[in-house]
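S.K.: need a 3D model of the sequence below.
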Amino acid sequence: QVQLVESGGGLVQAGDSLRLSCAASGRTSSSYVMGWFRQAPGKERNVVASISWSGKSTYYANSIKDRFTISRDNAKNTVSLQMNSLKPEDTAVYYCAATTRPFHGAATRFDYWGQGTQVTVSS
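M.R.: Predicted coordinates for the structure are as follows:
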């Protein structure tokens, strides 16, 4: 089993950038697909981006494509989400997720979750 801890959330203004990080610990010897999800108040949790173990395959939700970039450092057991040109509608709790299941883009099923980090974008 793997434990995930997110960091980097905060309060920013529209147009600003923010970088989220997720540190994995525990059984990190396995090859994990990693992802970022977000959940706004009163809404469902939706995938934002995901990345394969090798980093060669990525998926981005249409709403954040060209603004957000997911990356990973397997040597450090971390995955990051660089968020640029933030909008008020990006306000949500952002969750890091992991799975040993195959990477299937938006259809990837995740098994492990972090506690989440709040991102608030003011207009």
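S.K.: quickly find the element holding the spatially most central residue of the chain.
M.R.: Geometric centre of the chain, nearest residue: W36, 2.1 Å, by C-alpha atoms, centre = their mean. Element membership for W36 (DSSP states H and E) is strand 33-39.
S.K.: note down every partner strand of that strand and its orientation.
M.R.: Paired neighbours of strand 33-39 in the sheet (DSSP bridges): strand 46-51 (antiparallel), strand 92-99 (antiparallel).
S.K.: for V79, what are its contacts?
M.R.: Contacts for V79 (C-beta atoms under 8 Å, 6 or more residues apart in numbering) come out as S21, C22, A24, M34, W36, I51, I70, S71, R72, D73, C96. Where C-beta positions appear, they are placed from N, C-alpha and C, glycine not excepted.
S.K.: hmm, try it at 6 Å
M.R.: Taking C-beta atoms under 6 Å, 6 or more residues apart in numbering, we find V79 in contact with C22, M34, R72.
S.K.: for stretch 68-77, the distance to its chain's centre please.
M.R.: Distance of stretch 68-77 from its chain centroid, counting by C-alpha atoms, centre = their mean, to the nearest Å, is 10 Å.
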